[in-house]
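K.L.:
sharing a model prediction with you, sequence too.
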Amino acid sequence: MKKKQLLLPILMICFIITAGGCGSGGDNSSNPSYLENDESAADNAGEQESAGIHDPSGDSSSTSDAAGQPSEEHSSGDGSGTDSPTVRQDMLVYTCQISIDTLDYEQSVQTFKQMLTAAGGFVEQENYSDGQSSDLYYIEESEKQKLYTATVRVPHDKYDSFLNGADQLGDIRSKASNVENLGQEYTDLNTSLQIYEAKEKRYIKMLSTITDDEQAIRVEKELTELQVKIAGIKTRMTEIRTDVDYSTIELQLREVTKYNEAPEQTDTFFQRLGNTITDTWKNFQIFLETMLFFFIRIMPYAVIIGLIILVVLWITKKRKWKQHSAKKEPDKFSK
């Protein structure tokens with residue numbers, strides 16, 4: 001009898017444990033969060049497949065780059081089977097800064113424009129200057145040191161020939177060239193663009209089946225943010241292609257009066273003294289001229305201010321005279 005009483009609780013405990021285990025191992029298809037995670041994983045896999053990204057654990061032996069073209073594999077030649085990295089040569093951006101002095105400023109500028117037109121280039125930005133401050137009242141033509149600066153674009157296949165002909169513009173004082181490889185950045189942008197476009201198609205398809213307004217608003221917001229990213233990527237890719245197709249040249253063309261073929265000899269003490277006195281007298285004349293022009297410019301304002309001061313003094317003096325007269329009149333009546 002005691003054995004039967006002990007056996008009944010044990011059977012009840014086993015039944016409860018068995019029922020709990022069966023409930024936890026049941027079908028997960030009824031769980032909404034599970035469905036959502038499973039669908040998200042499938043979508044991510046679809047995005048990777050559409051973008052040309054494969055699972056590295058797969059059996060596929062060929063890989064593709066972001067443009068959908070198979071990447072080249074080069075053997076190291078030592079029999080070890082390792083691959084050496086490759087460098088893309090189709091996304092090189094060339095820039096150059098060049099400074100030139102010229103004795104014939106107008107002719108050099110005209111020649112530069114002709115060279116640019118012949119090369120099929122265009123001007124992005126340019127600036128003319130006479131080399132003097134705008135504060136000066138008048139500048140003699142002989143005192144001007146004209147300066148022309150420009151940022152131009154030339155086709156990449158005409159870049160070298162254009163720079164080789166720059167010596168006909170004058171004396172080249174400085175020249176700095178730079179080459180930047182944007183191949184990796186362009187590849188990464190192309191990969192991101194394909195992934196985002198695949199995701200955009202999925203969102204658009206999702207919107208056509210959504211009936212809940214709140215969920216539709218949320219998806220539209222994410223779709224808008226995604227489209228902004230796509231537009232930014234396309235803009236940057238267009239900039240890169242433009243920089244690759246048209247090289248950038250920054251030119252500075254300066255007018256000079258003469259070329260110093262040889263260094264000047266050291267002056268004697270009396271020569272330096274005479275030069276100092278001459279320069280001081282010239283600077284003093286410039287100072288007097290500047291002060292004269294200054295007084296001429298402020299003369300109208302000084303006359304107006306002087307008249308205002310005279311009127312104020314006259315009014316003040318008249319009031320004081322009236323007050324003094326008013327004080328004397330009571331004294332006469334008192335007497």
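P.N.:
On my side now, so go ahead. What you see is a predicted model; the values in this text were computed from it and never measured.
K.L.:
whichever helix or strand residue 281 is part of packs against which elements?
P.N.:
Counting by DSSP states H and E, the secondary-structure element that holds residue 281 is helix 269-334. For helix 269-334, the contact count by 3 or more CB pairs under 8 Å, 6 or more residues apart in numbering; DSSP states H and E identifies no helix or strand as a packing neighbour. No exception for glycine: its C-beta is placed from N, CA and C like everyone else's.
K.L.:
pLDDT (mean, whole number) over that helix?
P.N.:
The predicted model gives helix 269-334 an average pLDDT of 85.
K.L.:
could you do stretch 155-169 as well?
P.N.:
For stretch 155-169, the mean per-residue pLDDT is 92.
K.L.:
buried sites along it?
P.N.:
158, 159, 162, 163, 166, 169 (16 or more other CB atoms under 10 Å).
K.L.:
using CSV, write down the CA coordinates of the one helix or strand the fourth one maps to.
P.N.:
In this assignment (DSSP H and E), residue 163 forms part of helix 159-164. As requested, the backbone C-alpha atoms of helix 159-164 are provided in CSV (Å, rounded to 0.1, in the frame of the first residue of the first chain):
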residue,chain,number,x,y,z
TYR,A,159,47.2,65.8,-69.3
ASP,A,160,50.9,65.1,-70.0
SER,A,161,51.0,66.9,-73.4
PHE,A,162,49.3,69.9,-71.9
LEU,A,163,51.9,70.2,-69.1
ASN,A,164,54.8,69.6,-71.5
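K.L.:
need the residues that contact it.
P.N.:
Judged by CB atoms under 8 Å, 6 or more residues apart in numbering, the contacts made with helix 159-164 from elsewhere in the structure are 94, 96, 98, 115, 116, 119, 121, 154, 175, 177, 247, 249.
K.L.:
stretch 165-182 too?
P.N.:
Contacts made with stretch 165-182 from outside it, assessed by CB under 8 Å, 6+ apart, are listed as 87-88, 91-104, 108, 111-112, 115, 163, 240, 243-244, 253, 259.
K.L.:
list only buried entries from those residues.
P.N.:
Neighbour counting with 16+ other CB under 10 Å marks 91-96, 98-102, 108, 111-112, 115, 163, 240, 243-244, 253 as buried within the contacts of stretch 165-182.
K.L.:
show me where the stretch 101-250 of the chain has its strands.
P.N.:
When assigned using DSSP state E, counting those that start in this stretch, the strands of the stretch 101-250 of the chain occupy the ranges 122-129, 147-155, 171-181, 246-255.
K.L.:
one step back: restricted to helices, list the buried ones among the contacts of stretch 165-182.
P.N.:
Using DSSP state H, 108, 111, 112, 115, 163, 240, 243, 244 are the members of the buried ones among the contacts of stretch 165-182 that sit in helices.
K.L.:
tell me the pLDDT at the last one?
P.N.:
To tie it back to what came earlier, the one meant is residue 244. At residue 244, the predicted lDDT confidence score is 93.
K.L.:
contacting residues around it?
P.N.:
If a contact means CB under 8 Å, 6+ apart, then residue 244 has 90, 91, 92, 93, 156, 182 as its contacts.
K.L.:
go again with 10 Å.
P.N.:
Residue 244 makes contact with 90, 91, 92, 93, 94, 156, 180, 182, 183, 186, according to CB atoms under 10 Å, 6 or more residues apart in numbering.
K.L.:
and what of the second one?
P.N.:
For residue 111, the set of contacting residues under the criterion of CB under 10 Å, 6+ apart consists of 102, 104, 165, 166, 168, 169, 170, 253.
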